[in-house]
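S.K.: pasting the sequence and the predicted coordinates here, then a few questions.
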Amino acid sequence: MKLYYFDTLNPRKACVAARYLKSPVDFVHVDLSKGENRKPDFLAINPNGKVPALTDGDRSLWEADAIMCYLADKAGSDIWPRDARQFDVVRWLSWNAQHFTRHAGVLYFEHVIKPRFGLGEANRPAIDEATGHLRRFAAVLNDHLSTRDWLVGDGLTVADFATAVTLPDADKAQIPLVDFPAIGRWHDRLNQLEAWREPFPVRAEVAG
Ligand SMILES: N[C@@H](CCC(=O)N[C@@H](CS)C(=O)NCC(=O)O)C(=O)O
């Protein structure tokens, strides 16, 4: 299998899952800053021109959440449970995409991606709007996590990887977590996983 990635938010989920599962993938760096994601070879794998993407023989798969589930299924891992917990995992994946990371992602884009790639000044109205929405949904997440260690059942699932994906950059992205201590404790638990702390391969030219 080949996992196409760049060291940004959505590929992070797929790379964490691959590392955690010790999936037999070759990591392929796609440099978004050089437009490698818009080249015909890559568009043949993902017509959206976005990372992550996975190939497994003739099969190609895109969307980070789907890739996490695919890798977990292939590994026979319980982070993609095969019982009624699966509905809860899908619920949190969906909720996260539509609500939590939807707004946290705006803050990540404005405060992390824009300065990193020289994309101009932060958009203050967009930040204020995202912060307001985020507070509302962070309260739901915090409440849920105040009585449990993980989002679904009593074990780690891909829903945790997906929903927490902005948290490693929470300070830089100015994601307001100070009022949500259960989210902080949950992220501390994820930080105990090496795959979570170090999701991306060390690249020779970067390592020097
Ligand atoms: N819904 C997609 C989003 C993927 C995505 O937006 N990837 C970004 C990097 S974090 C990207 O490739 N952006 C390049 C572009 O849109 O040109 C997923 O979950 O995988």
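M.R.: All right, it came through fine.

S.K.: residues contacting stretch 190-198, please?
M.R.: V16, A17, R19, Y20, L156, D160, F161, A164, L167, P168 (CB atoms under 8 Å, 6 or more residues apart in numbering). For the C-beta atoms, the positions are set from N, CA and C on the backbone; glycine is no exception.

S.K.: got it, and stretch 167-177?
M.R.: 12, 104, 107-108, 110-112, 127, 131, 134-135, 138, 166, 183-184, 187, 190, 196.

S.K.: repeat that for stretch 68-85.
M.R.: By CB under 8 Å, 6+ apart, stretch 68-85 touches 13-14, 16-18, 20-23, 25, 54, 56, 61, 86, 89, 152-153, 155-158, 161-162.

S.K.: at which residues are the strands of this structure located?
M.R.: If DSSP state E is used as the criterion, the strands of the chain fall at 2-5, 26-29, 53-56, 59-62.

S.K.: out of these, deepest packed?
M.R.: Greatest average neighbour count among the strands of the chain goes to strand 2-5 (a mean of 23), per mean count of other CB atoms under 10 Å.

S.K.: for it, C-alpha coordinates in PDB please.
M.R.: Taking C-alpha atoms only, strand 2-5 is exported to PDB below (Å, rounded to 0.1, in the frame of the first residue of the first chain):
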ATOM      1  CA  LYS A   2       1.100   3.600  -0.500                       C
ATOM      2  CA  LEU A   3      -0.100   6.400   1.700                       C
ATOM      3  CA  TYR A   4       0.200   9.900   0.100                       C
ATOM      4  CA  TYR A   5       0.500  12.600   2.700                       C
END
